[in-house]
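Chemist: Dropping a prediction and its sequence here:
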Amino acid sequence: MMRCPSCRALQPDDEQICLKCGELLTLPPEALERVEQYRLSTHTELLCVMFCDVSGFTGISARSLPQSQQILALHLALMQALIERDGAGEIVNTAGDGVLAVFANPATATECALALHAAAHRYTHGGLAEDALAAVLQPAGIRLAPEADEVPYQIHIGLHLGIVTRGGRTSRDIFGHNVNVACRLCSLAGPGQTYLSDPVYENARLILGDRHEIKWQVWKEYPLRGVATPITVVGVAFPPFSVIHPPKSLTRIFWRPLMTRYAAIWIPVVILVAVLLGGMAGQWIASRNPLPAPLPPTTAPAATTTEVTAPAQTDEVPPLTAVTTEPSEAPPPTVADANGATPTTPAADTAGTAAAGTPTAVPPSGRSTSEPPPASGLTPPTPAAEAAELAHQREAWLKGASALQFSEGVTTLPGFINLVRSRDGQTFMLVAGLEGKVEPQAAMALVLDGNNDGKLSSQATAPYGDVLLSCGGPDAKPDSQRYQALLNGQPGAGLLVASGVSAQAFALGNRTVWAFHVPYHELGVVSGATIKFQLRYWPSGATGPLYQHPNGTESRQFRYLIIP
């Protein structure tokens, strides 16, 4: 038996740690070293690991050393500013352009990855001079905008959740199998891409899954180099700042084991199918091109001339894209020619003149030579044509609209929302509405958290304060529109309406639509900025029940609006 040097309790001879106080007993140096190594090896934590690299940094370094140093300084400064902001994460190691960081919350890590892509996109497409990050980057002497010939600054990120080992009490570095998995996920990604493992996706989707602007795509059973079993790989993106594409070498990685494993089956099948298709193709060609009968030896083939007509030129059909610009107006009413005559086909004109008993020749223009030339100028559109054109415009505003729900706590109302950018690129229009018709006293309001503090109190001026832009229902009085400052979430004093700020309500079929028009350029908001917003709806006016989207009144109940 032996006594503990700390609490003096009796301990068995072969015991190394006191059973009462937990202190180390007197051990030889070799035993103490083994105990310390064991303690360090078991210093583990469950963390979300982020690995981030600059896309194409090797080529940038080979092209221009000063440019690579500028991009590297910008990269490391953005990583530190966004990862360690408000204690969200911790950078544990850097190696060249590679940054290794850890987060306690997978959803926070995912949001940080999307914010990093957004910052890189804004820097490449205009600079960060008017961004909140400028206050962090400018004192460090980092350029806030790219030079004319600078390679685009893009990054790719991998995220994985698992047990990692810390390097000790003083070291911040981490190591282990799960760090390698995050590195492999990062290597699969291309510029502007982020890949998550399944544990990160399952945790982040619980918090971020209801945000319409975030896109997800899943690839199951993906073999990862250095990992024993295939894993689920998930791509996440926040357009237009980040994108989703299949992981690198996806086709090659998946088809190679299939081709090797089932070669004894698919090779004979492919040969048989090729023979059958070849025979069918030969028969079809023979039926389409029969052999001509032999000509008599005394008959020479007659020379013929074949007139070839060139195919008519057609306008190229533009590609289909998301509705991010204001649609063009409806085509104007049909006019005949530059002189304003109604088009008439030659056959119809001939029939008309024949009925009059005066047969005349019809020139290529389609107008009888006996008719007097029409007056110059186009026929003005009728009120019906203008109304049809306006209805066409408003229907186009809803192209690609997304469904949403308004709620007052118990009852929900189905609705829809869409974002439209004007053709001049200086304003945006948020189009929202409800399924069904409403009374004129109903009102819809767009609430903008201009300073992004989540408090809805206009106490800041950059880029602008928290405001409420409201409008009554269709056929409401002209003074139903309000433009007011917000104080503690409630409308306060009215504001002078900025140039171009307006709201309108109209009925479109069985829907009621409100269009909120905001000139973000005149309000000092740059393109690509992120703004929080809410929608509020009063079915019977401001004194009745309030329906909101998103549901709830707490500061976290916002949606994000990306200025086009």
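Modeler: It's in.
Chemist: pretty sure residue 457 is touching residue 466, no?
Modeler: Yes: in terms of CB atoms under 8 Å, residue 457 counts as a neighbour of residue 466; the distance is 6.2 Å. From N, CA and C alone the C-beta is placed, and that goes for glycine too.
Chemist: Between the two, tell me which one has more neighbours.
Modeler: Remark: of residue 457 and residue 466, residue 466 carries more neighbours, 25 against 18, as counted by other CB atoms under 10 Å.
Chemist: Not including adjacent chain positions, what is the nearest residue to that one?
Modeler: If the residues on either side of it in the chain are set aside, residue 466 comes closest to residue 486, at 4.3 Å by CB to CB, 6 or more residues apart in numbering.
Chemist: circling back to that earlier point, so what's in contact with residue 457 and residue 466 at the same time?
Modeler: residue 486 (CB atoms under 8 Å, 6 or more residues apart in numbering).
Chemist: burial count for the residue nearest to residue 466?
Modeler: Counted with other CB under 10 Å, residue 486 comes out at 20.
Chemist: and it, that one's in a strand?
Modeler: Yes: judged by DSSP: H, G, I helix; E, B strand; the rest coil, residue 486 forms part of a strand.
Chemist: just the helices in the chain please.
Modeler: Assigned helices in the chain, in chain order: 29-41, 57-63, 65-83, 106-124, 134-137, 177-188, 198-208, 250-261, 263-288, 346-355, 383-397 (criterion: DSSP state H).
Chemist: what's the offset of the second one from the middle of its chain?
Modeler: Between the centre of helix 57-63 and the centre of its host chain there is 29 Å, according to CA atoms, centre = their mean, to the nearest Å.
Chemist: Tell me the buried residues in it?
Modeler: Counting neighbours by 16 or more other CB atoms under 10 Å, one finds that the buried residues in helix 57-63 are 57, 60, 61.
Chemist: repeat for the third one
Modeler: When burial is assessed from 16+ other CB under 10 Å, helix 65-83 yields the following buried residues: 67-68, 70-72, 74-83.
Chemist: How about stretch 440-460?
Modeler: 441-452, 455-458.
Chemist: ok, which pair from these is furthest apart?
Modeler: Greatest spacing in those, by CB to CB: 441 and 452 (32.9 Å).
Chemist: What is the least confident helix or strand in the protein?
Modeler: Lowest by mean pLDDT, DSSP states H and E among the helices and strands of the chain is helix 346-355, with a mean of 37.
Chemist: With the flanking residues excluded, which residue is spatially nearest to residue 550?
Modeler: In space, and not counting its chain neighbours, residue 550 is closest to residue 557: 4.7 Å by CB to CB, 6+ apart.
Chemist: The one you found contacts residue 535, correct?
Modeler: No: using CB under 8 Å, residue 557 is not in contact with residue 535; the gap is 11.1 Å.
Chemist: so what's in contact with those two at the same time?
Modeler: Taking CB under 8 Å, 6+ apart as the criterion, residue 557 and residue 535 both touch residue 548.
Chemist: more neighbours, these two?
Modeler: Set residue 557 next to residue 535 and count neighbours by other CB under 10 Å: residue 535 wins out with 22 against 14.
Chemist: Who does the more buried one form a beta bridge with?
Modeler: Beta-bridge partners for residue 535, by DSSP bridges, are residue 446, residue 549.
Chemist: pretty sure it contacts residue 416?
Modeler: No: contact criterion CB under 8 Å: residue 535 and residue 416 do not qualify, at 10.9 Å.
Chemist: Need the residues touching each of those two.
Modeler: 404, 432.
Chemist: How about the contacts made by the closest residue to residue 411 other than its chain neighbours?
Modeler: Leaving out its chain neighbours, the residue that sits closest to residue 411 by CB to CB, 6+ apart is residue 547, at 7.7 Å. Counting by CB under 8 Å, 6+ apart, residue 547 touches 406, 407, 408, 411, 413, 536, 537, 538, 539.
Chemist: now, which of the residues you listed sits nearest residue 185?
Modeler: So of the contacts of residue 547, ranked by how close each gets to residue 185 (CB to CB), first place is residue 407, at 37.4 Å.
Chemist: Could you check how far the closest one is from residue 535?
Modeler: 11 Å (CB to CB, to the nearest Å).
Chemist: where do the contact lists of the two overlap?
Modeler: Common neighbours of residue 407 and residue 535 (criterion: CB under 8 Å, 6+ apart): 548, 549.
Chemist: wait, doesn't residue 90 sit right on residue 99?
Modeler: No: taking contacts as CB under 8 Å, residue 90 lies outside contact range of residue 99: 11.2 Å.
Chemist: between the two, which one's more packed in?
Modeler: Shown here are residue 90 and residue 99; by other CB under 10 Å, residue 99 has more neighbours (24 against 15).
Chemist: distance of the closest residue to residue 248 other than its chain neighbours from residue 110?
Modeler: Nearest residue to residue 248, sequence neighbours excluded (CB to CB, 6+ apart): residue 188, at 5.3 Å. Distance, residue 188 to residue 110, by CB to CB: 16 Å.
Chemist: higher neighbour count, the two?
Modeler: A direct count of neighbours by other CB under 10 Å for residue 188 and residue 110 places residue 110 higher, at 28 against 22.
Chemist: hmm, back to that, look up the residues that both of residue 90 and residue 99 are in contact with.
Modeler: residue 83.
Chemist: Give the buried residues for stretch 504-524.
Modeler: Those would be 505-507, 511-521, 523, for stretch 504-524 by 16+ other CB under 10 Å.
Chemist: And stretch 115-133, by the same measure?
Modeler: 115-124, 128, 130-131, 133.
Chemist: Stretch 83-95 spans what distance, first to last residue?
Modeler: By CA to CA, to the nearest Å, the extent of stretch 83-95 from end to end equals 16 Å.
Chemist: circling back to that earlier point, point out the least confident one among the buried residues of stretch 504-524.
Modeler: Among the buried residues of stretch 504-524, residue 523 carries the lowest pLDDT, at 68.
Chemist: returning to that earlier point: spit out the contact partners of the residue nearest to residue 550.
Modeler: Residue 557 makes contact with 534, 548, 550, 551, according to CB under 8 Å, 6+ apart.
Chemist: How about residue 473?
Modeler: 438, 439, 440, 441, 442, 443, 444, 505, 512.
Chemist: Go again with 7 Å.
Modeler: Contacts of residue 473 were listed using CB atoms under 7 Å, 6 or more residues apart in numbering, and they are 438, 439, 440, 441, 442, 443, 505, 512.
Chemist: Residue 214 now?
Modeler: The contact partners of residue 214, taken as CB under 7 Å, 6+ apart, are 208, 236, 238.
Chemist: Next, count neighbours for the second one.
Modeler: Other residues near residue 236 come to 26 when the count uses other CB under 10 Å.
Chemist: Got a quick ChimeraX command for the buried subset of the contacts of residue 547?
Modeler: Burial among these is assessed by 16+ other CB under 10 Å; the matching ChimeraX selection reads:
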select :406,407,408,413,536,537,538,539
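Chemist: can you tell me which two in the contacts of residue 547 are farthest apart?
Modeler: 411 and 536 (14.9 Å).
Chemist: Distance of the residue nearest to residue 466 relative to residue 492?
Modeler: For residue 486 relative to residue 492 (CB to CB), the value is 6 Å.
Chemist: related to what we said a few turns ago, which of the contacts of residue 557 are buried?
Modeler: For the contacts of residue 557, a neighbour count by 16+ other CB under 10 Å gives the buried set as 534, 548, 550.
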